[in-house]
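> my questions are about this predicted structure, shown below with the sequence.
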Amino acid sequence: MKNTKVQWHPGFVAAMNLELAQNRADLIFEKEYNLNTKPLEIDLLVVKKNASVHISNEIGKLFRGHNIMEYKSPEDHLDIDAFYKTGAYASLYKSYGKTVDEIKSEDITVSIIREARPDGLFRYFMEKEYLLSNPYRGIYYIEGKVLFPTQIIVTRELEQGSHIWLKALSERLGKDDIRNLLDGVNRLTEKMDKEFADSVLEVSIGANKQVVEELIGDESMCQALMEIMEPVIQLRDQENIEKGIKKGIQMTIDTLREFGHGDAEIKTAIVRKYNISAEEVEEYL
């Protein structure tokens, strides 16, 4: 069954933060980076704070100063037009420097991430005599006819132990994959890492509901899953409660105004009813 409501891109951004966790302090992550107008949007821009920093994860071996990353969800196609579109985004990014040639072309890279190997695109590369190499498992460099150093990352082919987070962005996870993902989440100790992992886990669970339902029958796995997801559920519940309160406050203010009450009277009523400060009420008036 196709999962039409899975929000893949937030999971991708979280997964890349975890993939590059060892160098996170050296990098700036800018998700959904706008190129002048809203429709032109880079999925993830990763900027090195210091161009000489060595990235330990092999996905970052190609990185230079400015790294454009395009993520293709399982239902997205990756053909030659999509390939050129990503290259065009990189060209636009280069052209939007504050001064002429501020961002050097040799300081830009392009990365396209997709679960399945784009065989049709690779055949096109061979027919048109692009240079295609495979320096690491699941990572392909495209050279010869590209403006910027470019790599295509096939997450299904990546090493499981080294790339658990990107590989989790799939609709084809098995029970062992879910178990490994839960183990990976449990091993994290830093608050930020856990928050990123929660985003990846939420996507993985949403995209693999049948497998998760089967695992829930395993008492130990069900307990582990609930322990990990409980903070996410609590946070979401709290956010919904806060949204409900804000909506109630605004509706009360609108009603009082309809009956001719002034701001001073409204403020007093809201402070008394919702137990918030007069300063907080000002935000609604």
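Nice, thanks for sending it over.
> and residue 46, how close does it get to residue 60?
Per Cβ to Cβ, to the nearest Å, residue 46 is found 8 Å from residue 60. For glycine as for every other residue, the C-beta is placed from the backbone atoms N, C-alpha and C.
> any common contacting residues for these two?
20, 67 (Cβ atoms under 8 Å, 6 or more residues apart in numbering).
> and the helices in the protein?
Here the chain has its helices, by DSSP state H, at 8-19, 80-95, 119-127, 164-167, 175-187, 191-207, 209-216, 219-258, 263-274, 278-282.
> adding mean pLDDT and mean neighbour count, write these out as JSON lines.
Below are these laid out as JSON lines (pLDDT from 0 to 100; neighbours: other Cβ atoms under 10 Å):
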{"stretch": "helix 8-19", "mean pLDDT": "91", "mean neighbour count": "23"}
{"stretch": "helix 80-95", "mean pLDDT": "94", "mean neighbour count": "17"}
{"stretch": "helix 119-127", "mean pLDDT": "96", "mean neighbour count": "13"}
{"stretch": "helix 164-167", "mean pLDDT": "95", "mean neighbour count": "24"}
{"stretch": "helix 175-187", "mean pLDDT": "87", "mean neighbour count": "16"}
{"stretch": "helix 191-207", "mean pLDDT": "88", "mean neighbour count": "20"}
{"stretch": "helix 209-216", "mean pLDDT": "78", "mean neighbour count": "14"}
{"stretch": "helix 219-258", "mean pLDDT": "67", "mean neighbour count": "12"}
{"stretch": "helix 263-274", "mean pLDDT": "83", "mean neighbour count": "14"}
{"stretch": "helix 278-282", "mean pLDDT": "83", "mean neighbour count": "12"}
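> nearest to residue 138, out of those helices?
When the helices of the chain are compared by Cβ to Cβ, helix 164-167 sits nearest residue 138, at 9.0 Å.
> how distant is the closest one from the center of its chain?
Remark: helix 164-167 is offset 12 Å from the chain centroid, using Cα atoms, centre = their mean, to the nearest Å.
> hang on, the earlier thing: more crowded one of residue 46 and residue 60?
The neighbour count for residue 46 versus residue 60, taken as other Cβ atoms under 10 Å, is higher for residue 46 (26 against 22).
> what residues are bridge-paired with the closest residue to that one other than its chain neighbours?
In this structure, residue 46 finds its nearest non-sequential neighbour in residue 67, 4.4 Å apart by Cβ to Cβ, 6 or more residues apart in numbering. Beta-bridge partners for residue 67, by DSSP bridges, are residue 46, residue 109.
> from residue 75, how far out is residue 67?
Note on residue 67: its distance to residue 75, by Cβ to Cβ, is 25 Å.
> look at the two and report which has more neighbours.
For the pair residue 67 and residue 75, the greater number of neighbours falls to residue 67 (26 against 11), based on other Cβ under 10 Å.
> let's have the helices of the chain in TSV, adding distance to residue 103.
Listed next are the helices of the chain as TSV, based on distance: least, Cβ to Cβ, whole Å:
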stretch	distance to residue 103
helix 8-19	21
helix 80-95	5
helix 119-127	26
helix 164-167	27
helix 175-187	36
helix 191-207	28
helix 209-216	43
helix 219-258	38
helix 263-274	49
helix 278-282	43
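> mind checking which of these is nearest residue 144?
Closest of the helices of the chain to residue 144 is helix 119-127, at 8.9 Å (criterion: Cβ to Cβ).
> I'd say residue 20 and residue 46 touch.
Yes - in this structure, residue 20 is within contact of residue 46 by Cβ atoms under 8 Å, at 7.3 Å.
> which neighbours do those two share?
What both residue 20 and residue 46 touch, as defined by Cβ under 8 Å, 6+ apart, is the set 27, 60.
> in contact with residue 20, which residues?
Contact analysis of residue 20 by Cβ under 8 Å, 6+ apart lists 27, 46, 55, 57, 59, 60.
> which of those fall within strands?
Among the contacts of residue 20, the residues falling in strands (DSSP state E) are 27, 46.
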